[in-house]
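In: Sequence first, then the predicted structure, then my questions.
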Amino acid sequence: MTDQSPSAQRRAKRTEAQNKRPEQRPVYRRRPIVRQIEIRIPLPPKTTKSFFRVGDTRVSTPAYKSWLQGAVLAISSTVPAPGRIAGICDVDIYMPTFTGKPENRTAPCLDAAAQAGIIAAATEQFVREVRPHPGTETTDIRMVLTAIPVEDQDAAEIELRHREGHSPKLISAALGISIGQVETIIAGLKR
């Protein structure tokens, strides 16, 4: 084993963390898989107060970073601790009345859920549909994340193949569905 300077070790650790797939992050993997999660977070700041541009780069403001940290803390300190959605999900976001476009408030909410490990990433790969419902809550945002259901025939096939010892990745490839959907069915079998 070669000895590296402390700065080289930190660089290697950052590079390794950046190259991990979103679903491999420890904050995501440590949570149990569930079919539906409901979380509450404070209302995010306006988009104009969340980001600014430096040339072609979009940079988040201290107000946004502070809100994001508070939202992740609110999610993580919920009792009982919320699980995670494995694979693709639909998200319903219930929010207070405010001026502006609801879409400007939904992206930060998804960022908070991803950073807290509720979903793997706030991308189209893991979030199929986001439905904002403005004017339904008084002060906070309530998010309901629901895993995409698997058809009964596929669920039976997953159960059979899992009992035969097939890996989730192999089952996913054979049935043409996401690994997250397979893991959700397998997690349901263990209960």
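Out: Yep, that arrived.
In: going forward, measure contacts between C-alpha atoms and count neighbours the same way
Out: Fine.
In: Domains of this protein: list them as residue ranges, please.
Out: If you go by automatic domain parsing, the domain ranges for the chain are 26-147, 152-189.
In: Now distance to residue 3, mean neighbour count and mean pLDDT too, for the ones you listed, in TSV please.
Out: Shown next, in TSV, are the domains of the chain (distance: least, Cα to Cα, whole Å; neighbours: other Cα atoms under 10 Å; pLDDT from 0 to 100):
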stretch	distance to residue 3	mean neighbour count	mean pLDDT
domain 26-147	26	17	88
domain 152-189	37	16	88
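In: Looking at those, which is nearest to residue 15?
Out: Residue 15 lies closest, by Cα to Cα, to one member of the domains of the chain: domain 26-147, at 15.5 Å.
In: can you tell me the distance between the two ends of the closest one?
Out: By Cα to Cα, to the nearest Å, the extent of domain 26-147 from end to end equals 20 Å.
In: now it, how far from the centre of its chain.
Out: Centroid displacement of domain 26-147 relative to its chain, using Cα atoms, centre = their mean, to the nearest Å, is 8 Å.
In: so the most centrally placed residue in the chain, which of the three states?
Out: Centrality entry for the chain: nearest residue to the mean C-alpha point is residue 119, 1.7 Å, by Cα atoms, centre = their mean. Put simply, residue 119 is coil when judged by DSSP: H, G, I helix; E, B strand; the rest coil.
In: Return the residues in contact with it.
Out: When contacts are counted by Cα atoms under 8 Å, 6 or more residues apart in numbering, residue 119 touches 28, 84-87, 113, 126.
In: For residue 81, give me its contacts.
Out: Neighbouring residues of residue 81 by Cα under 8 Å, 6+ apart: residue 75.
In: Distance of it relative to residue 118?
Out: Applying Cα to Cα to residue 81 and residue 118 gives a distance of 10 Å.
In: Confirm residue 122 sits in a strand?
Out: No. Under three-state DSSP, residue 122 sits outside any strand and is assigned coil.
In: Quick check, it in contact with residue 106.
Out: No. Here residue 122 does not reach residue 106: they are 10.3 Å apart, not a contact under Cα atoms under 8 Å.
In: can you tell me which residues contact the residue nearest to residue 28 when sequence neighbours are not counted?
Out: Nearest non-adjacent residue to residue 28, counting by Cα to Cα, 6 or more residues apart in numbering: residue 117, 4.0 Å away. Under the criterion of Cα under 8 Å, 6+ apart, the contact list for residue 117 reads 27-29, 31, 84.
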